[in-house]
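> Let's see this in three dimensions:
(2 chains)
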Protein chains: 2
Amino acid sequence: MEPRIDILTIRAEDVAAATRYYVDRLGWRPILAVPGEVTFIQLGHAQALSVYAAAGFDADAGGPLASPFTLGHIVESEEQVARAVDEMVGGGGTLLKPPQRAAWGGYHAFVIDPVGCCWEIAHNPGWRVASDGTVSLQSVEG
Amino acid sequence: MEPRIDILTIRAEDVAAATRYYVDRLGWRPILAVPGEVTFIQLGHAQALSVYAAAGFDADAGGPLASPFTLGHIVESEEQVARAVDEMVGGGGTLLKPPQRAAWGGYHAFVIDPVGCCWEIAHNPGWRVASDGTVSLQSVEG
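Sure thing, here's the model as predicted:
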């Protein structure tokens, strides 16, 4: 498994307030926004910050997490999701949500590291990174 | 302020367990390790994961945070720390720790975003990024 965070997702009680702050005030580029639900924002090269409404965040992970954020690792196929999960669990991680179809249309799993930090391993067919590091994201329906 | 996370710091009750997991089991490259205190691990291009012992993490931020992680944004000078903090606070962020000398030898400040997520803005003279994205980090004494 490569040492790589593609998406940092933070749990937000108020997505609109967070979006105003990062996009309108700091001037960071929104990649995709679903009002009241989620805003994806470009971070540096090939990375995204996701501000995710609390209800959606909790439902996606399958329940409240000890920490209000997840580290997202994106891979190219469902098989690679399973492989990364095997490696993390074999290394001492705790499986929270086994590999499965995601409500947002992709395929994912959640594993907790020994510190309590939650990783999402995902195959997201809508995730694209241009050669200059610009991320684009299309909604995929489940 | 550029949209960039250079260091993701997670608060760890057991740094040794986290280090074994990420370095020994997943095979990720340690950049700098101070046993029982902190381990920095290379993440993708030009980025680091920092597993920071709870006591040090809390002391560094000046007190317990609502979220057990910080997003680190590294800049080139003390003046740039002040400028980024001004921008964040002007945009609606909450100043937690004003710009000041850090115990680890650099210069830093902490600002909370509207969601409750904590950013550390730091000038770290020991932080180096090679052209291939490899991070190195030297201890700097305060």
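> who does the nearest residue to residue A:76 once chain neighbours are set aside bridge with?
Spatial nearest neighbour of residue A:76, excluding adjacent residues (Cβ to Cβ, 6 or more residues apart in numbering or on different chains): residue A:123 at 6.8 Å. C-beta coordinates here come from the backbone N, C-alpha and C atoms, glycine included. Going by DSSP bridges, residue A:123 is paired in beta bridges with residue A:75, residue A:107.
> So residue A:123 is in contact with residue A:104, correct?
No: using Cβ atoms under 8 Å, residue A:123 is not in contact with residue A:104; the gap is 11.5 Å.
> so where is chain A shaky, pLDDT-wise?
A:140-142 (pLDDT under 70).
> which stretches of it form strands?
A:7-12, A:30-34, A:38-43, A:47-53, A:69-75, A:94-101, A:107-112, A:118-123, A:127-129, A:135-137 (DSSP state E).
> from these, which stretch is densest packed?
strand A:47-53 (a mean of 24; mean count of other Cβ atoms under 10 Å in any protein chain shown).
> what's that strand packed up against?
Here strand A:47-53 is seen to pack against strand A:7-12, helix A:15-19, strand A:38-43, strand A:135-137 when contacts are counted using 3 or more Cβ pairs under 8 Å, 6 or more residues apart in numbering or on different chains; DSSP states H and E.
> Present those as TSV; the columns should include distance to residue B:53.
Formatted as TSV, the helices and strands packed on strand A:47-53 follow (distance: least, Cβ to Cβ, whole Å):
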stretch	distance to residue B:53
strand A:7-12	22
helix A:15-19	29
strand A:38-43	26
strand A:135-137	33
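> How about the residue located most distally from the centre of chain A, nearest residue that isn't a chain neighbour?
Within chain A, the residue lying farthest from the chain centre (Cα atoms, centre = their mean) is residue A:25, at 23.3 Å. Excluding the flanking residues, the one nearest residue A:25 by Cβ to Cβ, 6+ apart is residue B:91, at 3.1 Å.
> distance of that neighbour from residue B:139?
33 Å (Cβ to Cβ, to the nearest Å).
> before we move on, the earlier item: who touches the residue nearest to residue A:76 in this structure?
A:74-78, A:80-81, A:106-108 (Cβ atoms under 8 Å, 6 or more residues apart in numbering or on different chains).
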